[in-house]
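Chemist: sequence and predicted structure are below.
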Amino acid sequence: MRRVSRRTFAAVALSALVTAPGAAAAPGSRPQLDGAAGAAGAPGARAGGGLRGVWLATVDNRDWPSKPGLSAGQQQKELIAYLDRAVRDRLNTVILQVRPTADALWPSPHEPWSKCLTGTQGGSPGWDPLGTAVTEAHARGLQLHAWFNPYRIANHADPAKLTASHPARKHPDWVVRYDGKLYYNPGLPQVRAFVQDAMLDAVARYPVDAVHFDDYFYPYPVAGQSFDDDAAYDRYGGSFDDRAAWRRDNIDKLVRETAARIRQIRPGTQFGISPFGVWRNAADDSSGSDTRAGVQSYDDLYADTRTWVREGWIDYIVPQLYWSAQPLDQQVPANYAVLVPWWAEVARGTKTKLYIGEALYKAGDPEQPAPWHDPAELSRHLALAAQYPEVQGHVFFAAKDVAADKIGAMARVIADHYQRPAKAPR
């Protein structure tokens, strides 16, 4: 997501081409981005309700813990500080990354303790981070969504660096090396069953409010490289027209099966996914968005996110709309003002709630284009989104950026839209 490994990936590369600020419009209307967003009666006043979330990333110690090897007390203190900050900012949901790289932030019988805790994969931190997070979040009136990465094993390509008991070492035939990283092969039924067992152990143990996936399914494409799943395709892909259709079916099965198992294990627990923000470009599919994105989740990640919403397989979706809002006549790869109404149309009439993923991490970043140096950019996003009743909340990437708030962009969002507390929807 975003995240250190995701958000600085294709979404960042594309958004770097978006350079001009401005107002935006939706089909049949002209969204108003100027003025006092969030003032009584003004566009954006409705933005204050619904889900107000923040991602708390642990991969490579992105947000928390601040570094590996802290004492249990220090780790707990940092975690509590993030929860308290969410309360002060009148947020209502924390999405905690609890399985960043085929490991665990709870005492899992399936996978080792995460390296982000002690600096050594498999090393016990001496406490239960997920259990503590659930208890402390609920004590503060916050929802705690457990964020899992299904298929990522490691951000390196050396299985010998994994702990000796790691499932990827016991089952090397499950593993694909790609772009200097290790991934489980989504085309193997035994892999799909295992990753569900590993993730849903946490659901059985703790009253998490949701299971949350981000955008990593098949990995982002890299020029000149191929994801080597030939053997799996030869064995399991015979009934499909092509490899792409087979890969999409593999991810569809993961989504459907996970949803069914959550309902069985802990009824009432939500299932949400935060995908890359572009399903398909209109040039490739008349149902797609008026974008020219270099990555499309349907074609490149084999994630048919539109179908998941329309079929009601997931309870909520949080497309990562990490682009600024531009005039509709601007020729940019992707545009917040185009994608919000497109996703609203997808969600309209379905049972799937629509929240919007917001790129707070870009605010004040000197490498980002001009709109991201305006403290009011994100507040205008919420004002625009509030004009679409299908949008029921926002999630900000990420917790460290909320805490730092380099140019006051989050403070502006809070002042304009989050003047009073609000309960998260269920």
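Modeler: Everything's here; your move.

Chemist: for R261, what are its contacts?
Modeler: Q196, L200 (C-beta atoms under 8 Å, 6 or more residues apart in numbering). Every residue, glycine included, has its C-beta placed from N, CA and C.

Chemist: same thing but at 10 Å, please
Modeler: Q196, D197, M199, L200, V203, A204, V211, F271 (C-beta atoms under 10 Å, 6 or more residues apart in numbering).

Chemist: G187 now?
Modeler: Here G187 is in contact with 176, 218, 227, 229-233, 235-237, 243, 246-247, 249-251 (C-beta under 10 Å, 6+ apart).

Chemist: which SS state does it fall under?
Modeler: Recorded secondary structure, G187: coil (DSSP: H, G, I helix; E, B strand; the rest coil).

Chemist: how many other residues sit next to the residue nearest to it when sequence neighbours are not counted?
Modeler: Leaving aside its chain neighbours, G187 sits nearest to A232 (3.6 Å; criterion: C-beta to C-beta, 6 or more residues apart in numbering). Per other C-beta atoms under 10 Å, the neighbour tally for A232 reads 22.

Chemist: how near is A232 to G238?
Modeler: 11 Å (C-beta to C-beta, to the nearest Å).

Chemist: any residues in contact with both of those two?
Modeler: Common neighbours of A232 and G238 (C-beta under 10 Å, 6+ apart) are W246.

Chemist: related to what we said a few turns ago, can you turn the buried part of the contacts of G187 into a ChimeraX selection?
Modeler: Filtering the contacts of G187 down to the buried ones (16 or more other C-beta atoms under 10 Å) takes a single ChimeraX command:
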select :176,218,227,229,232,233,236,237,243,246,247,249,250,251
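
Chemist: inside helices: which ones of the contacts of G187?
Modeler: D230, A231, A232, Y233, R235, Y236, R243, W246, R247, D249, N250, I251 (DSSP state H).

Chemist: from those, which is closest to P366?
Modeler: I251 (36.4 Å; C-beta to C-beta).

Chemist: and the nearest residue in space to that closest one that is not next to it in sequence, what is it in contact with?
Modeler: Nearest residue to I251, sequence neighbours excluded (C-beta to C-beta, 6+ apart): F217, at 4.9 Å. Counting by C-beta under 10 Å, 6+ apart, F217 touches 149-152, 183, 186, 247-248, 250-251, 254-255, 273, 275-276, 297, 300-305.

Chemist: how about 7 Å then?
Modeler: Y151, P186, I251, L301, Y302, A303 (C-beta atoms under 7 Å, 6 or more residues apart in numbering).

Chemist: neighbour-wise, give me the winner out of these.
Modeler: Counting neighbours by other C-beta under 10 Å, A303 comes out on top of those with 27 neighbours.

Chemist: let's test this: mean pLDDT of stretch 395-415, rounded?
Modeler: In this model, stretch 395-415 carries a mean pLDDT of 98.

Chemist: my read is that W323 contacts A334, right?
Modeler: Yes: at 4.7 Å, W323 and A334 qualify as touching, with contact defined as C-beta atoms under 7 Å.

Chemist: which residues touch the residue nearest to S114 when sequence neighbours are not counted?
Modeler: Nearest-residue entry for S114: D103, 4.1 Å, with adjacent residues in sequence omitted and distances by C-beta to C-beta, 6+ apart. Each residue near D103 by C-beta under 7 Å, 6+ apart is listed here: E111, P112, W113, S114, K115, Q121.

Chemist: ok, now how distant is D103 from W113?
Modeler: Separation of D103 from W113 (C-beta to C-beta) stands at 7 Å.

Chemist: so what sits against both of these two?
Modeler: When contacts are counted by C-beta under 7 Å, 6+ apart, D103 and W113 are jointly contacted by Q121.

Chemist: tell me the SS of E136?
Modeler: helix.

Chemist: kindly report the same for V340.
Modeler: helix.

Chemist: can you count the residues close to it?
Modeler: Neighbours of V340 (other C-beta under 10 Å): 27.

Chemist: mind listing the helices for the stretch 151-300 of the chain?
Modeler: 167-170, 189-205, 230-236, 243-265 (DSSP state H, counting those that start in this stretch).
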